[in-house]
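Participant: Coordinates for the following, if possible.
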Amino acid sequence: MKEVIQKIALFFGLLALPAVTLLILPYSNEFARHFIKDDCYNHGAWIFDRLTKNTTPIDIAFIGSSHTIHSFQENKMEGLLGNRLHLANLGYCRFGRNLEYLFVKELVASKNPKLVVIEVHEDESKNSHDIFPFLADTKDLLISPTFLNRDYFSDVFKGVSARLEQFKTKTIFQEKYPENDLNLYGYGESDRIASEEEFLKNKEGWGKWTKRRGSPELEKIQLKYPYAYLTRTIKLLNDKKIPFIFVYLPESGSNFQTPLRLDFYKQYGPVLILPDSILKNPTNWMDDMHFNNRGAGQVSEWMAKKLKQILEEKCLIDHTD
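Facilitator: Numbering: from 1, shown residues only. Sure thing, here's the model as predicted:
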């Protein structure tokens, strides 16, 4: 019996050896960003270039999902704020606090922002972002801040797969990366106006979501995962003494006036709430979840006023400019 167990252990050890080797080898951040080129308008590669290749400073960074991408027009806001400030919309499609942690980690390592704006929505996503394992370095991939991570093993598998692709790219295909994207802005434009049917489906979807919510005890356990990454992100900013705020970007039909986890966010920083005059105007929406150019323009004007006030209070800009 002992001999059988040893053979089984040897077999699985040999199977694991290639994966371990791939995890030990250096993993290129640039490869990772271009590996996901078909996702989210190739925003991953642009974020990498904006943070590491583009020498233009970032004074105010926006971190969040596609809600952020379609809400903040950096160019317009720079004009409204003055003071020669540089803004960067670093939103990425879909939710996942662990991916935002990676972007903020890179942001504070390569830039020196005056302020970071972090998106919150109706509730925290309890899952890993599906792109996280492709962008995370080996340490972040393997060491989760909490054992309550339902996607841990699938993330590790995807991370190993990405490293195998990197090995093939370097040794076999020898592909070259595209030229750097030096565009300054990440805002996603759209003139489309959502239909009544889209609004209705979103409202119905949120009604169903509310009815099938788990017990408070279960939610408390599930929230440990996103909270762990959000507090890690906050620690990165606090360690660098970079101020931050939260902004609530709900969907059109949720009818949550404030985020469900408002009290948690308020422990760490102020939470800005968009006015109903923007949220309740159906011509402001590209679809049931995202603003169009008209809506984003109004959000950007409103946000610029809030940011100017915050920056002046913190003495981060000249009052007289």
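Participant: Using CSV, list the CA coordinates for stretch 249-260.
Facilitator: Presented in CSV, the C-alpha positions along stretch 249-260 are these (Å, rounded to 0.1, in the frame of the first residue of the first chain):
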residue,chain,number,x,y,z
LEU,A,249,-22.5,54.7,-9.8
PRO,A,250,-25.7,52.7,-9.8
GLU,A,251,-27.6,51.1,-12.7
SER,A,252,-30.7,52.6,-14.1
GLY,A,253,-33.3,50.3,-12.5
SER,A,254,-31.9,49.3,-9.1
ASN,A,255,-33.6,52.1,-7.1
PHE,A,256,-31.0,52.0,-4.4
GLN,A,257,-30.5,55.6,-3.4
THR,A,258,-27.3,54.7,-1.7
PRO,A,259,-25.0,51.6,-1.9
LEU,A,260,-25.9,48.7,0.4
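Participant: Quick one: residues contacting Cys93.
Facilitator: 39-41, 43, 65-66, 69 (Cβ atoms under 8 Å, 6 or more residues apart in numbering). All C-beta spots, glycine's among them, are computed from the backbone N, C-alpha and C.
Participant: Now, these that are in helices?
Facilitator: 43, 66, 69 (DSSP state H).
Participant: Buried only: go through those for me.
Facilitator: By neighbour count, with 16 or more other Cβ atoms under 10 Å, the ones in helices among the contacts of Cys93 hold 43, 66, 69 as buried.
Participant: Now render those as TSV, adding pLDDT and distance to Ser154.
Facilitator: Output for these, formatted as TSV (pLDDT from 0 to 100; distance: Cβ to Cβ, whole Å):
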residue	pLDDT	distance to Ser154
His43	94	22
Ser66	98	22
Ile69	98	25
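Participant: Now do the contacts for Arg33.
Facilitator: Going by Cβ under 8 Å, 6+ apart, Arg33 touches 44-45, 47-49, 135.
Participant: Quick check: the farthest pair among these?
Facilitator: Within those, Asp49 and Leu135 form the most distant pair, 14.0 Å apart (Cβ to Cβ).
Participant: neighbour-wise, which of the two wins?
Facilitator: Leu135 (26 against 18; other Cβ atoms under 10 Å).
Participant: Looks like that one contacts Glu30 (just checking).
Facilitator: No. Look at Leu135 against Glu30 with Cβ atoms under 8 Å: they stay out of range, at 11.0 Å.
Participant: need the strands for the stretch 101-250 of the chain, in chain order.
Facilitator: For the stretch 101-250 of the chain, the strands defined by DSSP state E, counting those that start in this stretch cover 115-120, 244-248.
Participant: Export these as JSON lines, with columns for mean neighbour count.
Facilitator: What follows is the strands of the stretch 101-250 of the chain, written out as JSON lines (neighbours: other Cβ atoms under 10 Å):
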{"stretch": "strand 115-120", "mean neighbour count": "23"}
{"stretch": "strand 244-248", "mean neighbour count": "20"}
